[in-house]
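[1] predicted coordinates and the sequence they were generated for:
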Amino acid sequence: MKWPLNYLPELAIIILLSLAGGRSRAQTPAKKDLLVTVGFYDIDNRAMYLSVHARTKVDGRFQPVKGARIRVYLDKDSAACLTGDLVTDPAGEGRAIISPELKDRWNSSATHSFIAISDGDTAFNASRTESSVTRARLQIDTGEGHTLSAVLQEWKNGQWMPVKGVDVKVDIRRSGGNLAASDKEAYTTDSAGKITADFKRDGLPGDEKGLLTLIAKVEDNDLYGNLQAELPVPWGSIGKAGFSIDNRTLWGIRSRTPIWLLFMAYSIFFSVWAVLVYLILQIVRIKRAGHADGYHARL
């Protein structure tokens, strides 16, 4: 069959459009999978929240995903069980507080599941992640002398039962990060769900009343998540409330700069200028010596 010549332009346009469409489809990047993890946190058996992390694999390595919108539900993905609707930050993290309205549902069972759902977008596939947690509580107390203890229990068969074989850390809250309260990094609960540790930080500065805050922690446990209990104790040395700008300190006013700092600064200043003056004098002497040698040579 022969095509008339007047159809050739239309045929060429159709072929070019087909090639362009196929190329654009071939260049469309494939959507990536979104990996979502949910961490459960219980602070002092009072405040509970979820920490959600979103990641994806890039060049064989997991990278945080910013701007991922994720809905988190308690036990069931319905509006009545919605715990949080969040968007991840540049670190790929978002937080959701478990609403007090879900208290009855939380107390109704010993084990719960958290469901994280992302509907996906142009870059990522939709995802659904479920993680379970068992209701537990962690309590901290002190004993005779400078000893402290912590008890871990789980809700089982309608009552609190001790949990054996779980690592518990005991720290002291400090402004720059927590400090271990004893020599060991962690202690393992016994058959009574209890750990006992000796306080090894005598003389540590406390607040204006000498109070230190002890912290018992269970971290990233597969069953119970992250639990934390706190207790203020008067085991620290009494610190001064606030500070004065009239004393010679680093945070004082300019006229009250510490003497040692002034000595260091002025020593550096005069040393640098002494070296510069010495170099200038040496240059002047060299020039004078050169002029004198030239004068004697002319004679």
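    In hand now; what should we look at? Residues are numbered from 1 along each chain as shown.
[2] contacts and neighbour counts: CA atoms only from here.
    Will do.
[3] quick check: which ranges of the stretch 151-299 of the chain have low pLDDT?
    Segments of the stretch 151-299 of the chain classed as low confidence (criterion: pLDDT under 70) are 239-246, 251, 292-299.
[4] which phi and psi values does the closest residue to residue 225 other than its chain neighbours adopt?
    By the measure of C-alpha to C-alpha, 6 or more residues apart in numbering, the closest residue to residue 225 outside its immediate chain neighbours is residue 40, 5.1 Å from it. For residue 40, the backbone dihedrals (degrees, to the nearest 10) come out as phi -100, psi 130.
[5] doesn't residue 53 make contact with residue 40?
    No. With contacts counted by C-alpha atoms under 8 Å, residue 40 stays clear of residue 53, the gap being 11.7 Å.
[6] distance of the residue lying closest to residue 206 once chain neighbours are set aside relative to residue 98?
    On the basis of C-alpha to C-alpha, 6+ apart, the spatially nearest residue to residue 206 that is not a chain neighbour turns out to be residue 236, at 4.5 Å. With distances defined as C-alpha to C-alpha, to the nearest Å, the gap from residue 236 to residue 98 amounts to 35 Å.
[7] all strands for the stretch 101-250 of the chain, in order.
    Listed in chain order, the strands of the stretch 101-250 of the chain (DSSP state E, counting those that start in this stretch) span 111-118, 127-134, 136-142, 147-156, 159-162, 167-172, 179-180, 187-188, 194-198, 212-221, 225-233.
[8] what's the span of stretch 170-187 from first residue to last?
    Taking C-alpha to C-alpha, the span from the opening residue of stretch 170-187 to its closing residue is 8 Å.
[9] chain center to it: distance?
    Going by C-alpha atoms, centre = their mean, to the nearest Å, the spacing between the C-alpha centre of stretch 170-187 and its chain's C-alpha centre is 17 Å.
[10] before we move on, what about stretch 277-288?
    Using C-alpha atoms, centre = their mean, we find the averaged C-alpha position of stretch 277-288 to lie 59 Å away from the chain's own average C-alpha position.
[11] then that stretch to PDB, C-alphas only?
    In PDB, the C-alpha atoms belonging to stretch 277-288 read as follows (Å, rounded to 0.1, in the frame of the first residue of the first chain):
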ATOM      1  CA  VAL A 277      58.900  47.000  66.100                       C
ATOM      2  CA  TYR A 278      61.900  44.700  66.200                       C
ATOM      3  CA  LEU A 279      61.500  43.800  62.600                       C
ATOM      4  CA  ILE A 280      61.100  47.500  61.500                       C
ATOM      5  CA  LEU A 281      64.300  48.400  63.400                       C
ATOM      6  CA  GLN A 282      66.200  45.600  61.700                       C
ATOM      7  CA  ILE A 283      65.000  46.800  58.300                       C
ATOM      8  CA  VAL A 284      66.100  50.400  59.100                       C
ATOM      9  CA  ARG A 285      69.600  49.100  60.200                       C
ATOM     10  CA  ILE A 286      69.900  47.100  57.000                       C
ATOM     11  CA  LYS A 287      69.100  50.100  54.900                       C
ATOM     12  CA  ARG A 288      71.500  52.300  56.800                       C
END
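[12] which parts of the helix ranked longest in the chain are buried?
    With residue count as the measure and DSSP state H as the assignment, the chain has helix 259-298 as its longest helix. By neighbour count, with 16 or more other C-alpha atoms under 10 Å as the criterion, helix 259-298 contains no buried position.
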